[in-house]
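J.: got a sequence here, can you model it:
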Amino acid sequence: MHQLIVTEDGSHTLSSEKFGVTYHSIHGAIQESNHIFIEAGLKYICQQSKNISILEVGLGTGLNALLTIDFALYLDIIVEYCAIEAYPISLKIVNELNYTNLLDKPNLQQYFLEIHQSDWNTNIQLHNNFPLLKKNNLLENTNFKSNIFDLIYFDAFAPNEQPELWDDAIFHKLYNSLKNKGVLVTYCAKGAFKRILKSCGFIIENLPGPPGKREMVRAIKP
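T.: Model prediction:
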């Protein structure tokens with residue numbers, strides 16, 4: 001079960017009954033996703049390439065994917081998008097989310113719906129600029145080829161709620177899946193987490209966080 005919540009920038013988030021936490025910051029869902037994943041992640045990696053492969057850990061509401069396809073269409077770049085989600089939200093909830101209205105981009109609504117309605121575990125051509133593969137699986141049960149992603153959006157629930165997704169085995173696997181100079185971005189900036197990233201070989205950049213968070217992390221594979 002999920003409860004719809006209006007955050008401080010007017011955009012929706014959801015409260016997860018299963019995990020007892022919200023999907024996005026109550027200080028602003030769109031604001032947070034833009035800050036962490038688009039500004040610190042996608043725009044940064046676009047300096048290296050115009051053909052980008054992204055892994056999202058935690059498709060959730062689909063907000064990060066929506067903002068990414070908007071960016072890809074605007075710049076006319078190709079983004080191959082792979083998302084892992086073990087607990088998909090219902091289409092009823094999807095239809096209530098206000099992201100495209102708030103962005104004033106009604107042309108994105110069909111893409112947003114297709115992100116959620118498209119088949120799982122199947123390669124979908126959502127747009128020529130946006131091939132999509134959704135994996136309905138637990139991250140710990142998912143294996144990846146080496147050196148295939150340019151960018152990872154790590155948007156799992158917090159370590160206290162999903163500790164199994166924040167151990168060193170997970171981040172060794174994600175490190176190996178990244179190309180050289182690849183990047184992982186996340187909202188978490190806990191000391192223990194950063195020590196795990198460093199032990200995997202990542203170079204850590206501490207960046208200012210979105211409203212409500214002092215810091216965020218950008219981790220780079222040398």
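J.: may I have the phi/psi pair for residue 148?
T.: phi -120, psi -20 (degrees, to the nearest 10).
J.: list the buried ones in the longest helix along the chain?
T.: Ordering each helix of the chain by length in residues (DSSP state H) puts helix 63-75 first. Within helix 63-75, the residues that qualify as buried are 63, 64, 65, 66, 67, 68, 69, 70, 71, 72, 73, counting by 16 or more other CB atoms under 10 Å. Every residue, glycine included, has its C-beta placed from N, CA and C.
J.: so what's the fifth one up against?
T.: Taking CB atoms under 8 Å, 6 or more residues apart in numbering, we find residue 67 in contact with 30, 33, 34, 37, 38.
J.: look up how far residue 121 lies from it.
T.: According to CB to CB, to the nearest Å, residue 67 and residue 121 sit 24 Å apart.
J.: closest one to residue 47 out of the buried residues of helix 63-75, please.
T.: Compare each of the buried residues of helix 63-75 with residue 47 using CB to CB and the shortest gap goes to residue 71, at 13.6 Å.
J.: contacts made by stretch 205-222 with the rest, please.
T.: Here stretch 205-222 has contacts from 8, 25-28, 31-32, 35-36, 40-41, 44, 175, 178-189, 193-194, 197, 201-204, using CB under 8 Å, 6+ apart.
J.: would you list every one of the helices in the protein?
T.: Using DSSP H, the helices found in the chain span residues 29-33, 43-45, 63-75, 91-94, 99-103, 109-117, 168-177, 191-200.
J.: let me know which of those helices is tucked in deepest.
T.: Mean neighbour count (mean count of other CB atoms under 10 Å) peaks for helix 29-33 among the helices of the chain, with a mean of 25.
J.: having no further points to raise, I will conclude here.
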